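>>> My questions are about this predicted structure, shown below with the sequence.
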Amino acid sequence: MQTQVSFDPQGDMIIGGESVKGAGGALYALAAATGETLEPAFGCATPALVERACALAGAAFDAYRQLPDARRAAFLEAIAQAILDLGPVLIERAHLETALPVARLEGERMRTVNQLKLFASVVRDGRWHGAVVDTAQPQRAPLPRQDLRMRRVGLGPVAVFGASNFPLAFSVAGGDTASALAAGCPVVVKAHPAHLGTSELVARAIARAAHDTQMPAGVFSLVIGEGTWIGETLVAHPEIQAVGFTGSRQGGLALQRIAQARAEPIPVYAEMSSINPVVLLPHALAARGEQIARDYADSVVMGVGQFCTNPGIVLALAGEALDAFCSTAAQAIATKTAATMLTPNIHAAYCRGVAHLAELDGVTTLARGAEARGPNDAVPVLLRTQGRAFLADAAMHEEVFGPCSLIVACRDIDELQAVLRRMSGQLTATVQLDEADYAQAQTLMPILERKAGRVLFNGFPTGVEVSHAMVHGGPFPATSDTRTTSVGTAAIDRFLRPVCYQAVPDVLLPDPLKHDNPMAIWRLNDGELSRD
Ligand code: NAP
């Protein structure tokens, strides 16, 4: 059956390429800015429909993963085009559901499209196979060596939980889906309730691309519904072989527990919480404190603070330069308007988090932005404490998701280092420095490398490039698996595993490993990289 791109959400799921109205009750999207219910009603999944999505994904796996690379790349490119073909309706619906500004959503759509195209280029390039050839050494003494060949294959169907804060780039056709599809893994997405219509529109685009490029029916499904049972069922389903998740620590850990308790445990790649420390070194602070303070305030409120890389904490040495910095940052925050958060729950969690942090011993409030006007408006907040207090109270180390940041004044560099060491794992760690600070920065590098997936200088962590070298990951609780990244082309590695072929006749070998390298891909041949 041909799936058309529809110009308005219909309240449907996409199960194995077909539009399906679930019979598990009705669910409505909400307009984030007003709290109004949005049409249409979404038919929720039943257990039988979740079962069907997983079974179809399992049935599609072998056919999909064995397609020529060029076919899979064409599928990813067709998804990118189909998303563009949705036109303004996608942005309008996403804006209504999330209250994110139109310009931001247009940028996010471009990022989503380019991300899909980038993964298409990765698939075409062929290095993702990780082909390695150790040729036979029949004369080797005392024992001959057999012909050994290795390549990577997809893990199997992947369950993806769309993120609330990136309704396009980290949701239905976002980084997790793109990297899983690139790896040859069918995908079942659990729609985030914060953008149901956006999810359906993008799912229709994927279904149209799958149809047009003749993909197996179960290569993609979108399930919608209320309650944790859908996510729990997906993660527990025997056909699902890996999970991609972005959201709360509580949610990520709950899904990880289910994955670990299965008869066959599976990996969960959950991106959860991070407070993204920014260290201000003394010479930079003295020379450029005012400018850094203004840029910092902009970064704190960007996207209503709803970035996983939001700079939640600043560390610097106590003194006049830091006092001046605090004063400029406080003035800048006080001018920032309150803005609508993604959901009532996220807004409520923000208000609770700020109130809790502000009441802790040793924390003072430096500034609050303009008062809220709408129901889910978050008021930006700037707080200050001392290194000693931060070290003594782990409650200060928790993420407050939203436009809130805490400045920690440290007695000396030893205390600043101790604060960094005490922190848990982070997605990013930032250093603001001038040349005269390099020696001090050198002493911080080993700590920063241990704590964060990305270490950056003289910038702010908000804004994540999708490229080959990007790492959007980090030690727990930034992610559940510190060895990986969820942004950038290395994200494909999460959904691949190596297989070794020993003394396999050439005719039975997969193309990437055949003796005459018919795909002309880069391979490690007896330790030497070549395309021979
Ligand atoms: P969430 O509550 O963790 O939900 C994310 C997705 O996972 C939703 O589809 C949700 O489904 C599902 N889910 C959550 N817990 C589950 C469970 N126990 N079993 C099965 N499925 C489960 O995240 P959110 O709604 O996006 O935001 C809530 C909080 O997460 C924020 O306030 C913030 O603290 C944090 N967050 C952090 C980041 C980050 O990048 N650091 C990004 C987004 C959110 P249902 O909603 O349908 O149950």
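Done, it's in. Residues are numbered from 1 along each chain as shown.

>>> can you give me the helices in the stretch 401-532 of the chain?
413-422, 438-451 (DSSP state H, counting those that start in this stretch).

>>> which one of the ones you listed is the most hemmed in?
helix 413-422 (a mean of 17; mean count of other Cβ atoms under 10 Å). No exception for glycine: its C-beta is placed from N, CA and C like everyone else's.

>>> if we can go back for a sec, can I get the helices of the stretch 401-532 of the chain in TSV with mean pLDDT and distance to residue 513?
Formatted as TSV, the helices of the stretch 401-532 of the chain follow (pLDDT from 0 to 100; distance: least, Cβ to Cβ, whole Å):
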stretch	mean pLDDT	distance to residue 513
helix 413-422	98	45
helix 438-451	98	35
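
>>> Quick one: closest of the ones you listed to residue 145.
Residue 145 lies closest to helix 438-451 among these, at 37.7 Å (Cβ to Cβ).

>>> any idea which helix is longest in this protein?
helix 102-125 (DSSP state H).

>>> Please compute how far that helix lies from its chain's middle.
Distance of helix 102-125 from its chain centroid, counting by Cα atoms, centre = their mean, to the nearest Å, is 14 Å.

>>> so can I have JSON lines of the helices of the stretch 401-532 of the chain showing distance to the ligand?
Below are those laid out as JSON lines (distance: least, Cβ to the nearest ligand atom, whole Å):
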{"stretch": "helix 413-422", "distance to the ligand": "19"}
{"stretch": "helix 438-451", "distance to the ligand": "16"}
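
>>> Any regions of the protein where pLDDT drops low?
Applying pLDDT under 70 to the chain picks out residues 1-6.

>>> what ranges do the helices span in it?
Here the chain has its helices, by DSSP H, at 47-65, 69-85, 88-98, 102-125, 175-182, 196-212, 229-236, 249-261, 282-301, 320-334, 344-359, 387-392, 413-422, 438-451.

>>> Check these for me and report the most buried one.
helix 175-182 (a mean of 30).

>>> circling back: which strands and helices lie in contact with the longest helix of the chain?
Packed against helix 102-125, as judged by 3 or more Cβ pairs under 8 Å, 6 or more residues apart in numbering; DSSP states H and E, are the following elements: helix 69-85, helix 88-98, helix 175-182.

>>> Now do it against helix 196-212, angle only.
Put simply, helix 102-125 runs at 30 degrees to helix 196-212, going by axes from the mean of the first three to the mean of the last three Cα atoms, to 10 degrees.

>>> what sits up against helix 102-125?
69-70, 72-74, 76-77, 79-80, 83-84, 90-91, 94-95, 98, 100, 128, 166-169, 173-175, 178-179, 181-182, 303, 466-467, 489, 492, 521 (Cβ atoms under 8 Å, 6 or more residues apart in numbering).

>>> what residues does the chain put near the ligand?
Listed as neighbours of the ligand in the chain under the rule Cβ under 6 Å from any ligand atom: 161, 163-165, 190, 192-193, 228, 231-232, 246-248, 251, 254-255, 271-274, 308, 346, 349, 401.

>>> which of those are buried?
Burial by neighbour count, judged by 16 or more other Cβ atoms under 10 Å, picks out 161, 163-165, 190, 192-193, 231, 246-248, 251, 254-255, 271-274, 308, 346, 349, 401 from those.

>>> re earlier: and the helices and strands packed on helix 102-125 as a markdown table, adding distance to residue 9?
Shown next, in a markdown table, are the helices and strands packed on helix 102-125 (distance: least, Cβ to Cβ, whole Å):
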| stretch | distance to residue 9 |
| --- | --- |
| helix 69-85 | 15 |
| helix 88-98 | 7 |
| helix 175-182 | 18 |
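
>>> And the residue of the stretch 301-450 of the chain closest to the ligand?
Distances between the stretch 301-450 of the chain and the ligand by Cβ to the nearest ligand atom are smallest at residue 308, namely 2.7 Å.

>>> ok, that residue - contacts?
The contact partners of residue 308, taken as Cβ under 8 Å, 6+ apart, are 165, 246, 271, 273-274, 427, 472.

>>> Relative to residue 408, which of those residues is nearest.
Once Cβ to Cβ is applied, the member of the contacts of residue 308 that ends up nearest residue 408 is residue 274, at 16.0 Å.

>>> looking at it, the closest one is touching residue 423, isn't it?
No - at 9.8 Å, residue 274 does not count as touching residue 423 under the criterion of Cβ atoms under 8 Å.

>>> count of neighbours near residue 213?
By other Cβ atoms under 10 Å, the residues close to residue 213 number 18.

>>> wait, what's in contact with residue 366?
326, 329-330, 333, 382-384, 407.

>>> do residue 411 as well
Listed by Cβ under 8 Å, 6+ apart, the contact set of residue 411 reads 317-318, 386-388.

>>> again, only this time at 6 Å
Residues counted as contacts of residue 411 (Cβ atoms under 6 Å, 6 or more residues apart in numbering) are residue 387.

>>> Please report the distance of it from residue 248.
Shown here: residue 411 relative to residue 248, a distance of 34 Å by Cβ to Cβ, to the nearest Å.

>>> how does the protein divide into domains?
As assigned by automatic domain parsing, the chain contains the domains 14-27+49-137+144-272+484-494, 277-457.

>>> Mind putting the ones you listed into CSV with distance to residue 478?
Output for the domains of the chain, formatted as CSV (distance: least, Cβ to Cβ, whole Å):
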stretch, distance to residue 478
domain 14-27+49-137+144-272+484-494, 7
domain 277-457, 5
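
>>> The ones you listed: which one's closest to residue 508?
For these, the distance to residue 508 is smallest for domain 14-27+49-137+144-272+484-494, at 11.1 Å, taking Cβ to Cβ.

>>> Excluding chain neighbours, what is closest to residue 27?
residue 42 (4.6 Å; Cβ to Cβ, 6 or more residues apart in numbering).

>>> unless I'm mixing things up, the one you found is touching residue 10, no?
No - the pair residue 42 / residue 10 is not scored as a contact, 9.0 Å apart, by Cβ atoms under 6 Å.

>>> Between the two, which has more neighbouring residues?
Taking other Cβ under 10 Å, residue 42 and residue 10 do not tie; residue 42 has more neighbours (28 against 15).

>>> quick one: buried residues of stretch 130-147?
Across stretch 130-147, burial judged by 16+ other Cβ under 10 Å covers 130-134, 147.

>>> How about stretch 493-504?
For stretch 493-504, a neighbour-count test (16+ other Cβ under 10 Å) marks 493-496, 501 as buried.

>>> From these, pick the one nearest residue 259.
Among those, residue 494 lies closest to residue 259 (Cβ to Cβ), at 13.4 Å.

>>> Let me know the distance separating that closest one from the ligand.
If you measure residue 494 against the ligand using Cβ to the nearest ligand atom, to the nearest Å, the figure is 16 Å.

>>> list the contacts for that residue?
Counting by Cβ under 6 Å, 6+ apart, residue 494 makes contact with 269, 484.

>>> what about the strands in the stretch 401-532 of the chain?
404-410, 426-432, 452-457, 496-502, 523-525, 528-530 (DSSP state E, counting those that start in this stretch).

>>> What is the last one packed up against?
In this case it means strand 528-530. Judged by 3 or more Cβ pairs under 6 Å, 6 or more residues apart in numbering; DSSP states H and E, strand 528-530 is in contact with no other helix or strand.

>>> In CSV: the helices of the chain, plus distance to residue 36.
Shown next, in CSV, are the helices of the chain (distance: least, Cβ to Cβ, whole Å):
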stretch, distance to residue 36
helix 47-65, 28
helix 69-85, 26
helix 88-98, 9
helix 102-125, 18
helix 175-182, 29
helix 196-212, 13
helix 229-236, 25
helix 249-261, 26
helix 282-301, 25
helix 320-334, 30
helix 344-359, 12
helix 387-392, 41
helix 413-422, 44
helix 438-451, 42
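
>>> among these, which is nearest residue 154?
Here helix 47-65 is closest among the helices of the chain (Cβ to Cβ), at 4.7 Å.

>>> what angle separates the closest one from helix 229-236?
Computed with the same axes, to 10 degrees, the direction of helix 47-65 lies at 40 degrees from that of helix 229-236.
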